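can't give you the sequence, but here's the structure:
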């Protein structure tokens, strides 16, 4: 069952970042660009956290499921291979969100 | 388009950050990423996750068509960000939310609207917090209230008269004893009422009086997850029946503001407003 755009969308809350960007005086185009960079940065951080815990074979299985957008199979695989996988994903995202939030504050 | 300095600073920093993350990822997981790259070429369609992983960060601004999650937005206002956030938190199918989904949504709505939003108050809750809303009719506010007396202006009548008046009274009978006794609050309670199946709440039949008093004119926040529009409504009626396939009903004014039509999804949570400080009607995001 798909719960969102990415397989982890339902456990990661990015609204604090989007609201911070929303509060900045930016053009529509600029906001969209920063939001797309936020999404992409979080995506890379989450994938690194996951792939670092998988064997080469499992990495390929994971990539195959991800490419097919098969969220159920992704979670089946991750849950069977990585302890507390949801917590690890959340932590990777939270750490990055903290850095992005600091970047926003420094840019003001 | 001229770029603001805030934007340029953040853009450069985040593109660099992205390049570093990407480099780290490709260094550590080269074999599997190369495999994905080759694999993805064989198929015309791949997931957004793959596309995002294989794409290079761009330093120039994207246009809306390139912006994935936001490509349908006409205006990137703050409500759009709420919509974007909700799209990640609200399931694509209209179903009962899990306790953790409810908690996450209540937290986001509390923060974004600056009010206390809860799925449960005093251990009382409705049967669900996300469902299909149906179109209700106007309710008679006092004995003798008709479509001819119901609106304050012709403009209001033009907008909302076509739904007509319900043949019966609301769950709490009349909102006021007479036209002269009707207060502004009574008027707003009818204007922004919703009907929810109070009878499906757990223990409703066992503690009828307690639950009736709890639900009577209880304020709720309704959010259209597709446009971010939100309104503070009150429970003014019980329904709809389960067989209708609808989970709640909204007054013509509620439906109009939220831009909802019959059987479309909304989020509905209690507003924790012990001191009656939150006014009924449309609510905006906090600044």
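Ah, there it is. Because the structure is predicted, anything quoted here is derived from the model rather than measured.

Please report how far residue A:85 lies from chain B.
Distance, residue A:85 to chain B, using Cβ to the nearest Cβ, to the nearest Å: 16 Å. (C-beta placed from N, C-alpha, C; glycine too.)

Tell me how many other residues crowd that residue.
Other residues near residue A:85 come to 19 when the count uses other Cβ atoms under 10 Å in any protein chain shown.

Not counting its neighbours along the chain, what's nearest it?
Sequence neighbours aside, residue A:78 is the residue nearest to residue A:85 in space, at 4.6 Å (criterion: Cβ to Cβ, 6 or more residues apart in numbering or on different chains).

so which strand or helix has that neighbour?
According to DSSP states H and E, residue A:78 maps onto helix A:71-81.

Can you give me the buried ones in the helix or strand just after that helix?
Counting by DSSP H and E, the element after helix A:71-81 in chain order, helix or strand, is helix A:85-107. Going by neighbour count (16 or more other Cβ atoms under 10 Å in any protein chain shown), the buried part of helix A:85-107 is A:85, A:88, A:89, A:90, A:92, A:93, A:96, A:97, A:100, A:103, A:104, A:107.

low pLDDT regions in chain A?
Low-confidence regions of chain A, defined by pLDDT under 70, span residues A:1-5, A:28.

Run the angle between the strand or helix carrying residue A:33 and helix A:71-81 for me.
Using DSSP H and E, residue A:33 falls within helix A:28-51. Put simply, helix A:28-51 runs at 40 degrees to helix A:71-81, going by axes from the mean of the first three to the mean of the last three Cα atoms, to 10 degrees.

Name the nearest of the buried residues of helix A:85-107 relative to residue A:74.
residue A:85 (10.0 Å; Cβ to Cβ).

now the farthest one out in chain A, which residue is it?
residue A:25 (25.5 Å; Cα atoms, centre = their mean).

thought that residue was touching residue B:6?
Yes. Counting by Cβ atoms under 8 Å, residue A:25 touches residue B:6, with 7.4 Å between them.

Flag every buried residue along stretch A:65-79.
Within stretch A:65-79, the residues scored as buried using 16+ other Cβ under 10 Å are A:65, A:66, A:67, A:69, A:70, A:71, A:73, A:74, A:75, A:77, A:78.

low-confidence ranges in the stretch 1-150 of chain B?
Residue ranges of the stretch 1-150 of chain B with pLDDT under 70: B:1-4, B:40-48, B:51, B:54-78, B:80.

Tell me the helices and strands packed up against the helix holding residue A:78.
helix A:56-67 (3 or more Cβ pairs under 8 Å, 6 or more residues apart in numbering or on different chains; DSSP states H and E).

ok now the helix it packs on, how far from the chain's centre?
17 Å (Cα atoms, centre = their mean, to the nearest Å).

quick one: it to helix A:71-81, angle?
160 degrees.

who does helix A:56-67 touch, helix- and strand-wise?
Against helix A:56-67 (3+ Cβ pairs under 8 Å, 6+ apart) you get helix A:28-51, helix A:71-81, helix B:30-41, helix B:48-54.

Out of the ones you listed, the one nearest residue B:180 is which?
Short answer: helix A:28-51, nearest of these by Cβ to Cβ, at 50.9 Å.

The closest one versus helix A:85-107: what angle between them?
Going by the same axes, to 10 degrees, helix A:28-51 makes 140 degrees with helix A:85-107.

Tally up the residues packed near residue 29, please.
Since no chain was named, I'll use chain A. By the measure other Cβ under 10 Å, the count of residues near residue A:29 is 18.

that's the wrong chain, I meant chain B
21.

give the contact list for it.
Residues in contact with residue B:29, defined by Cβ atoms under 8 Å, 6 or more residues apart in numbering or on different chains, are A:48, A:51, A:52, A:59.

Show the contacting residues for residue 14.
Went with chain A since none was named. Here residue A:14 is in contact with A:38, A:39, A:42, A:93, A:97, B:85, B:88 (Cβ under 8 Å, 6+ apart).

Let me rephrase: I mean chain B.
With contact set as Cβ under 8 Å, 6+ apart, residue B:14 has these partners: A:34, A:37, A:38, A:41, A:100, A:103, B:57.

do that again at 7 Å, thanks
By Cβ atoms under 7 Å, 6 or more residues apart in numbering or on different chains, the contact set of residue B:14 is A:34, A:37, A:41, A:103.

how far away is the third one from residue A:27?
Note on residue A:41: its distance to residue A:27, by Cβ to Cβ, to the nearest Å, is 21 Å.

more crowded one of those two?
residue A:41 (24 against 15).

Check the burial of the closest residue to that one other than its chain neighbours by counting its neighbours.
Ranked by Cβ to Cβ, 6+ apart and with sequence neighbours excluded, the top spatial neighbour of residue A:41 is residue B:18, at 5.3 Å. By the criterion of other Cβ under 10 Å, residue B:18 has 21 neighbours.

same check, this time on residue A:19
With other Cβ under 10 Å as criterion, residue A:19 counts 18.

Does it lie in a helix or a strand, and which?
Secondary-structure element containing residue A:19, defined by DSSP H and E: helix A:15-22.

That helix near chain B at all?
Yes. Using Cβ under 7 Å from any Cβ of the partner chain, helix A:15-22 reaches chain B at A:15, A:18, A:19, A:22.

Stretch A:100-108 too?
Yes. On the criterion Cβ under 7 Å from any Cβ, stretch A:100-108 is in touch with chain B at A:103, A:104, A:107, A:108.

Of these, just say which sits nearest to residue B:174.
Distances from residue B:174 to these, taken by Cβ to Cβ, are shortest for residue A:104, at 52.3 Å.
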